[in-house]
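Colleague: model the structure of this input:
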Amino acid sequence: MSEDFSREIGLKAARKLKARNSTQGVWFGLGMMGLVGWSVVVPTLLGAGLGIWLDNHHPGKHSWTLTLLIAGLALGCLNAWHWVDKEDKEMRQDGENPDD
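Modeller: Numbers count the residues shown, from 1 in each chain. From the prediction side, this is the model:
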């Protein structure tokens, strides 16, 4: 029991030291926010632009703009989720291997 506790404390201390010595500080966080933001914005705007073009050239009962805007937003959110999940997995792996 006490060995598990000591090992857990050691891992947390090593993780804190690694975080302090890491160069990935504020700039990494801002870059990640930018990556997530653009991965949502770009497909949303592309969907809206394609929808506007389709509405002008092939008008119909339903709005292509709204439909493709929502589809682009959903695709962008899935893309952002993918990037955040990937970074989370990398951080967890780094936490399990503090000797790296």
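Colleague: got the CA coordinates for the host helix or strand of residue 10 in CSV?
Modeller: Using DSSP states H and E, residue 10 sits in helix 2-21. This file holds the C-alpha atoms of helix 2-21, laid out as CSV (Å, rounded to 0.1, in the frame of the first residue of the first chain):
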residue,chain,number,x,y,z
SER,A,2,2.7,2.5,1.0
GLU,A,3,4.9,1.5,-2.0
ASP,A,4,2.0,2.3,-4.3
PHE,A,5,1.5,5.6,-2.6
SER,A,6,5.2,6.5,-2.8
ARG,A,7,5.3,5.5,-6.5
GLU,A,8,2.3,7.6,-7.3
ILE,A,9,3.8,10.6,-5.4
GLY,A,10,7.1,10.1,-7.3
LEU,A,11,5.2,10.0,-10.7
LYS,A,12,3.3,13.2,-9.9
ALA,A,13,6.5,15.0,-8.8
ALA,A,14,8.3,13.9,-12.0
ARG,A,15,5.3,15.1,-14.1
LYS,A,16,5.4,18.5,-12.3
LEU,A,17,9.1,18.9,-12.9
LYS,A,18,8.8,17.9,-16.6
ALA,A,19,6.0,20.4,-17.0
ARG,A,20,8.1,23.2,-15.4
ASN,A,21,11.1,22.4,-17.6
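Colleague: now the helices: where do they sit in the protein?
Modeller: Taking DSSP state H as the test, the helices found in the chain are 2-21, 26-57, 64-96.
Colleague: for the residue nearest the centre of the chain, what are its contacts?
Modeller: A centroid search over the chain (C-alpha atoms, centre = their mean) returns residue 84, at 3.0 Å, as the residue closest to the centre. Counting by C-beta atoms under 8 Å, 6 or more residues apart in numbering, residue 84 makes contact with 32, 36. (C-beta placed from N, C-alpha, C; glycine too.)
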